[in-house]
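# Next one to model:
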Amino acid sequence: MSDQIGVREVEHQTVVNAPAETVYRLVADVERWPRIFPPSVHAEYVEKGAARGSGDEVIRLWAVANGEPKTWTSRRRLDADALRVDFRQEVPARPVAAMGGAWLVERLSDRESRVRLLHDYRAVDDDPGSLQLIDTAVDRNSGSELAAIKDAAEAGTGAAGTFLTFEDTVTVDGPGRLVYDFLNEADQWTERLPHVAGIVLTEDSPGLQTLEMDTRAEDGSVHTTKSVRVCFPHDRIVYKQLRVPPLLTLHTGVWTVEEEPGRPTVVRSLHTVRVNEANIEAVLGAGADLDKAKSMVRSSIGGNSVATLNRAKRFAESGGRG
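Numbers count the residues shown, from 1 in each chain. Modelled structure (predicted):
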């Protein structure tokens, strides 16, 4: 760690038992970050470079820092030959006044690489208390991200079997705006959804929600999840669970509302989960395997998803009175 006047410079690194090119691809493909990095909730391109893996681009990120959801826009320069990605936040989230850095992937051998993650940053008004908060967030998130890159790169294709993506769809003879309102107003779900036992919804920034939810299973048991939701009125809500059930290590999803004149509204619920193989028998009993776990997850999450879609359909078709 080093300091200039008002500027903090830090470096974190790890060694990965995977080829440098494999690691670089994980760093470069920002749309995969929510599935790799625990703090990352959602990522999308604002401006995409001419070639994937190289060139300049602008991205917007939503992530959790010190337990709080934040969003910012960053400009990145990707150099696939040098295995380097430089980044600079264009619109930092307070209390950050400026933030930049670089990912550097160094080839140690054909099967081993070093990843270095550099940051330089300042706090708004150079406030010492704010700088300490940024120090904590950068240190925590950098360690988490490097560990996740290492896990994803070393797992390689072997981890693919633990992932499951599925979708449920309904058509609605009603306005998409009302469907979106139903999905957005999660603080009303205890009255509107029978499987929801409790809700705490906070929205300190418009469209950026933290949702703690108690969900009632078919056997009567209740489990608690915590999610961050990014809301794009009136057609999309993207979310990531920060606290997942024991059978999962990842759950991301998106609600989409597609409306065209003269046609029924189409509402989709897309989920991507990763099964926690280490907990399968503890949760499902001796002899349970990955296929059984996937089937159970599909049935449980999909069942709640369809129930929510059908209630949203009823709400919209009744003019918001359901």
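# Need the three-state assignment for the residue positioned nearest the centre of the chain.
Using C-alpha atoms, centre = their mean, the residue of the chain that lies closest to the mean C-alpha position is residue 41, 2.4 Å off. Three-state assignment for residue 41 (DSSP: H, G, I helix; E, B strand; the rest coil): strand.
# So it sits against residue 68, correct?
No: using C-beta atoms under 8 Å, residue 41 makes no contact with residue 68, being 11.6 Å away. For the C-beta atoms, the positions are set from N, CA and C on the backbone; glycine is no exception.
# circling back to that earlier point, and the residue nearest to the centre of the chain, how close does it get to residue 226?
12 Å (C-beta to C-beta, to the nearest Å).
# One more: residue 284?
Taken as C-beta to C-beta, the span from residue 284 to residue 226 is 23 Å.
# where along the stretch 151-300 of the chain do the helices fall?
Per DSSP state H, counting those that start in this stretch, the stretch 151-300 of the chain carries helices over the ranges 176-184, 189-192, 280-284, 290-317.
# And those: which comes nearest residue 233?
Closest to residue 233 of the helices of the stretch 151-300 of the chain, according to C-beta to C-beta: helix 176-184, at 6.5 Å.
# where does the stretch 101-250 of the chain dip in pLDDT?
For the stretch 101-250 of the chain, the stretches flagged by pLDDT under 70 are 157-158.
# does residue 216 really touch residue 196, like I thought?
Yes: using C-beta under 8 Å, residue 216 makes contact with residue 196 at a distance of 7.3 Å.
# Tell me which of the two has more neighbours.
Neighbours per residue (other C-beta atoms under 10 Å) separate residue 216 from residue 196, with residue 196 holding more: 20 against 16.
# So that one is in contact with residue 215, correct?
Yes: if you go by C-beta under 8 Å, residue 196 and residue 215 touch, sitting 6.3 Å apart.
# give me the beta-bridge partners of residue 64?
Judged by DSSP bridges, the bridge partners of residue 64 are residue 69.
# ok, now which ones touch it?
39, 41, 70, 228, 242 (C-beta atoms under 8 Å, 6 or more residues apart in numbering).
# Residue 259 reaches residue 176, doesn't it?
Yes: in this structure, residue 259 is within contact of residue 176 by C-beta under 8 Å, at 3.5 Å.
# Between the two, which contacts overlap?
Residues touching both residue 259 and residue 176 comprise 235, 265, with contact defined as C-beta under 8 Å, 6+ apart.
# Nearest residue to residue 143 in space, please, no chain neighbours.
Once flanking residues are discounted, residue 143 sits nearest to residue 12: 6.4 Å by C-beta to C-beta, 6 or more residues apart in numbering.
# domain assignment for this structure?
2-158, 173-317 (automatic domain parsing).
# what's the neighbour count on residue 312?
Here the number of neighbours of residue 312 (other C-beta under 10 Å) works out to 27.
# All set now, cheers.
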